[in-house]
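Enquirer: here are the coordinates; sequence isn't available:
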């Protein structure tokens, strides 16, 4: 590694509360050990790597750049997705054009990284961001084989689906936001003796829907990974059993991934509930159903204390890996890595392994899914 090499930091993909804290922690930890080392911030995610450097990056930033950001949600560096980094399908009609755009993007990005004399790039993001980072790092080393360069990833996604990390930055804040919405909406559905279908984020993984449903006391949860949870007839049967047991209301939490797999899933479920004769016979009238979507509100607001602490832990661990080559007390690790957590302890995994095994999905055997089946409404529950 060149002694004068720089470290770059960017945030990528979907924004997550606590990203700012991770950037701050990495910056402060790096500067604490090497105050003269140049640190650069890239703006608008990977886009900042392939634009005019004077407008898309901040060079040799000082502590004023990370002042008063720890309490702010989102990311002060900006973020975004880069379609050029996604490999097009073999049968895509515009495959050649997209491959050319991909090559052009990578060529500019690695040239800029070389020009700035970067030895490490810290990427704060999720699964897609790590895939993009791996591609950029591989291209850099192929283009400039004599120049050391590696990526250090920090998991930040409200989906909490990154392999190798028990929690990702932003998940706890989003979870609390969703649970807060469940608690608020309970007041109105109980008053009117209604059912509410609450749509929450989670495209391929259902961790946010599952844990918010457990913590919020929902009656039903539907997640993309477990097909049995999508069954309208089974859900209607469970609600009818609840009505017979004098349940006053029902909250059904569904991850957006279910809607992507089964278009109009919520609307069709609402119609089946309202037309269910077993429920109507007990109530004397059809049960009213309302559909609400929390959407991006789950990402908003100041990060929770847990997310800020986690961001501090992972940002500091990223600095350790860059400067020491390993976590304190651990064996050296080379190449591109991701720093995650196991409880209150940081851990390191190869980036290639994290990319290969992400997203981390819910299974029917997952302890939290098993817990949900014990705590939520069942058609045959004996009480």
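Expert: It's in. All values reported here derive from a predicted model rather than from experimental measurement.
Enquirer: how near is the residue lying closest to residue 378 once chain neighbours are set aside to residue 214?
Expert: Among residues not flanking residue 378 along the chain, residue 238 sits closest, at 6.3 Å (CB to CB, 6 or more residues apart in numbering). The C-beta positions use only the backbone N, C-alpha and C, and glycine is treated the same way. For residue 238, the distance to residue 214 equals 16 Å [CB to CB, to the nearest Å].
Enquirer: cool, and residue 245?
Expert: Noted for residue 245: a distance of 20 Å to residue 214, by CB to CB.
Enquirer: Of those two, give the one with the bigger neighbour count.
Expert: A direct count of neighbours by other CB atoms under 10 Å for residue 245 and residue 214 places residue 214 higher, at 19 against 11.
Enquirer: Which element, helix or strand, includes that one?
Expert: helix 207-216 (DSSP states H and E).
Enquirer: I'd like the average pLDDT over that helix.
Expert: Averaged across helix 207-216, the pLDDT comes to 98.
Enquirer: quick one: buried residues of stretch 140-157?
Expert: Going by neighbour count (16 or more other CB atoms under 10 Å), the buried part of stretch 140-157 is 140, 141, 147, 149, 150, 151, 152, 153, 154, 155, 156, 157.
Enquirer: Please identify which pair of those residues lies farthest apart.
Expert: Maximum pairwise distance in the buried residues of stretch 140-157, criterion CB to CB, is 30.2 Å, between 147 and 157.
Enquirer: Let me know the secondary structure of the nearest residue to residue 290 once chain neighbours are set aside.
Expert: Of all residues not flanking residue 290 in the chain, residue 196 sits nearest, at 5.2 Å (CB to CB, 6+ apart). On the three-state scheme (DSSP: H, G, I helix; E, B strand; the rest coil), residue 196 is labelled strand.
Enquirer: hang on, isn't residue 196 packed against residue 253?
Expert: No: counting by CB atoms under 8 Å, residue 196 stays clear of residue 253, with 9.3 Å between them.
Enquirer: Show me which of those two is the more surrounded one.
Expert: The neighbour count for residue 196 versus residue 253, taken as other CB under 10 Å, is higher for residue 253 (30 against 24).
Enquirer: Help me confirm that the more buried one comes into contact with residue 214.
Expert: No: contact between residue 253 and residue 214 fails when scored by CB under 8 Å: they sit 9.3 Å apart.
Enquirer: Can you work out which residues contact both of those two?
Expert: Overlap of the contact sets of residue 253 and residue 214 (by CB atoms under 8 Å, 6 or more residues apart in numbering) consists of residue 221.
Enquirer: pLDDT weak spots in the stretch 1-150 of the chain?
Expert: Within the stretch 1-150 of the chain, the ranges that satisfy pLDDT under 70 run 1-3.
Enquirer: so where do the strands sit in it?
Expert: Assigned by DSSP state E, counting those that start in this stretch, the strands in the stretch 1-150 of the chain fall at 6-11, 39-42, 57-58, 118-125, 150-155.
Enquirer: Dump those strands into TSV; add distance to residue 200 as well.
Expert: Below are the strands of the stretch 1-150 of the chain laid out as TSV (distance: least, CB to CB, whole Å):
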stretch	distance to residue 200
strand 6-11	23
strand 39-42	31
strand 57-58	35
strand 118-125	21
strand 150-155	20
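Enquirer: Of all the ones you listed, which one is nearest residue 285?
Expert: For residue 285, the closest of the strands of the stretch 1-150 of the chain is strand 150-155, at 48.3 Å, according to CB to CB.
Enquirer: In its sheet, which strands sit next to the closest one, and in what direction?
Expert: Partner strands and pairing direction for strand 150-155 (DSSP bridges) are strand 118-125 (parallel), strand 337-342 (parallel).
Enquirer: Excluding its own residues, what touches the first one? List them.
Expert: So the one you mean is strand 118-125. The contact list for strand 118-125, computed with CB under 8 Å, 6+ apart, reads 1-2, 5-13, 19, 22-23, 26, 40, 45, 75, 79, 113, 129-130, 133, 136-137, 148-157, 169, 318, 322.
Enquirer: who's in contact with the residue positioned nearest the centre of the chain?
Expert: Nearest to the mean C-alpha position of the chain, by CA atoms, centre = their mean, lies residue 157 at 2.0 Å. Residue 157 makes contact with 13, 14, 16, 125, 126, 127, 168, 169, 170, 171, according to CB under 8 Å, 6+ apart.
Enquirer: Recalculate using a threshold of 10 Å.
Expert: The contact partners of residue 157, taken as CB atoms under 10 Å, 6 or more residues apart in numbering, are 13-16, 19, 124-129, 165, 168-171, 174, 205, 208, 358-359.
Enquirer: now the helix or strand harbouring residue 252 against helix 207-216, angle please.
Expert: Using DSSP H and E, residue 252 falls within strand 250-255. Inter-element angle recorded for strand 250-255 and helix 207-216: 160 degrees (by axes from the mean of the first three to the mean of the last three CA atoms, to 10 degrees).
Enquirer: Output the contacting helices and strands for strand 250-255.
Expert: The helices and strands touching strand 250-255, judged by 3 or more CB pairs under 10 Å, 6 or more residues apart in numbering; DSSP states H and E, are helix 171-192, strand 195-200, helix 207-216, strand 220-222, helix 232-244, helix 265-274, strand 289-293.
Enquirer: Which of these has the highest mean neighbour count?
Expert: The highest mean neighbour count among these, using mean count of other CB atoms under 10 Å, belongs to strand 220-222: a mean of 27.
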